[in-house]
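S.K.: Sequence and predicted structure are below.
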Amino acid sequence: MDFRLDALGEEALLDVRRCEDEPSLHAVRVRYLGKKGLLTLAIREMAQQHPEQRARIGKQINDVKHALEAAIMAKRDDIVAQGIARKLAEETIDVTLPGRTERLGAVHPLMHVIEEIEHIFVGMGYTVAEGPEVETDYYNFEALNIPEHHPARAMHDSFYIDETTLLRTQTSPVQIRTMQRCGGAIPIKIICPGKVYRRDDDDPTHSHQFMQVEGLVVDTHLSMAHLKGTLAHFARTMFGSHSRVRLRPSFFPFTEPSVEVDISCAVCGGVGCRVCKQSGWVEVLGAGMVHPDVLARCGYDPTVVRAFAFGVGVERIAMLRYGIEDIRHFYTNDRAFLQQFRMRL
Ligand code: PHE
């Protein structure tokens with residue numbers, strides 16, 4: 001009997017060890033400890049033993065039973081732990097797999113430059129105004145001292161929509177619209193970014209559609225010094241503190257005096273390169289003191305009120321800023337070109 005019990009105990013422990021899942025472990029429990037289990041039968045048999053042997057065998061059976069129960073419990077913990085480990089392994093996400101990237105668009109370099117220009121002027125107390133791209137020739141020309149047959153109209157070869165409506169050739173009509181809206185009130189400090197259209201032949205520096213930022217300041221005691229100071233601040237903020245501006249006398253019918261404004265070439269630092277055509281300077285804007293007739297036409301007394309205005313060529317600024325030699329790159333939607341500006345935006 002002793003020997004049989006020992007063998008039974010060892011066999012049971014071996015069976016437990018072989019189990020790999022809970023059902024097989026359950027089967028082992030039933031096989032040995034169930035109602036008709038082998039150990040249960042052994043206990044029953046014990047009843048038929050001599051009373052003096054019963055105590056010893058009883059203890060031996062109990063030892064085997066406890067050992068088996070402990071082994072089954074330990075095995076169950078083992079199986080549960082293994083199950084969790086397997087599940088975790090199966091559900092592991094391989095974070096080293098390259099994901100599917102979303103193609104994000106980017107701000108167009110011209111829009112970015114406009115935003116920078118706005119930022120600089122808003123910092124000086126300007127507000128941003130808007131005006132229509134489809135304009136009447138009154139606002140685009142007449143009100144700006146450019147009557148019919150004025151030679152200045154020839155320089156603005158225009159896209160007419162009907163007899164009196166055209167695509168604006170400049171953002172200067174916004175000066176008129178703003179002053180009329182303000183009805184004589186001062187001060188006015190606005191900039192107006194927007195598209196303009198001229199029937200230019202497209203070449204590396206000309207496009208039939210381009211962008212300007214118009215500026216207008218109306219107040220008392222304004223002079224060319226304020227205009228120059230404003231533009232110098234703009235150039236230094238946009239291109240760095242070494243940047244300089246140069247005013248050259250010019251003519252615009254709606255400003256007197258008028259100037260063309262050059263900025264020292266930001267690409268070569270003024271030494272001379274292809275962008276500045278070896279001159280060291282790039283013409284980026286027209287400006288001047290608003291003509292007294294224009295002020296009077298808009299309800300301002302030119303003996304009391306002074307105004308200066310400027311019109312910045314946005315593409316020129318962007319070309320200088322990024323060293324771009326051909327204006328047409330901005331409009332061809334070439335991704336290889338546009339991609340280069342992603343990092344800066
Ligand atoms: N509107 C002018 C142009 O397009 C530029 C300009 C603006 C000049 C404001 C003087 C004052 O050439």
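M.R.: Ah, there it is.
S.K.: who in the chain is up against the ligand?
M.R.: Counting by Cβ under 6 Å from any ligand atom, the chain comes close to the ligand at Gln170, Ser172, Phe252, Thr255, Gly286, Ala287, Gly288, Ala309, Phe310, Gly311. From N, CA and C alone the C-beta is placed, and that goes for glycine too.
S.K.: top of those by neighbour count?
M.R.: Neighbour counts for the residues of the chain next to the ligand, by other Cβ atoms under 10 Å, peak at Ser172, which reaches 30 neighbours.
S.K.: residues in contact with it?
M.R.: Asn140, Leu144, Glu214, Phe254, Ala309, Gly311 (Cβ atoms under 8 Å, 6 or more residues apart in numbering).
S.K.: Just the closest of the residues you listed to Ala225, please.
M.R.: Ala225 lies nearest to Ala309 out of the contacts of Ser172, by Cβ to Cβ, at 15.2 Å.
S.K.: Identify the residues contacting the closest one.
M.R.: Ala309 neighbours (Cβ under 8 Å, 6+ apart): Ser172, Gln175, Glu214, Gly215, Leu216, Val217, Phe254, Thr255, Ala287, Gly288, Val290.
S.K.: Looking at the residues you listed, which are in helices?
M.R.: Gln175 (DSSP state H).
S.K.: So Ala47 versus the ligand, what's the distance?
M.R.: Separation of Ala47 from the ligand (Cβ to the nearest ligand atom, to the nearest Å) stands at 118 Å.
S.K.: How about Ser158?
M.R.: In terms of Cβ to the nearest ligand atom, Ser158 sits 12 Å off from the ligand.
S.K.: Endpoints of stretch 147-156, how far apart?
M.R.: End-to-end distance for stretch 147-156: 13 Å, by Cα to Cα, to the nearest Å.
S.K.: who touches it?
M.R.: Against stretch 147-156 from outside (Cβ under 8 Å, 6+ apart): Phe141, Glu142, Ile146, Thr169, Gln170, Arg198, Phe252, Pro253.
S.K.: if we go to 6 Å?
M.R.: Ile146, Thr169, Pro253 (Cβ atoms under 6 Å, 6 or more residues apart in numbering).
S.K.: again, but for stretch 290-305
M.R.: Counting by Cβ under 6 Å, 6+ apart, Ala143, Asn145, Ile176, Met179, Gln180, Gly183, Gly184, Phe254, Thr255, Glu256, Ala307, Ala309 sit against stretch 290-305.
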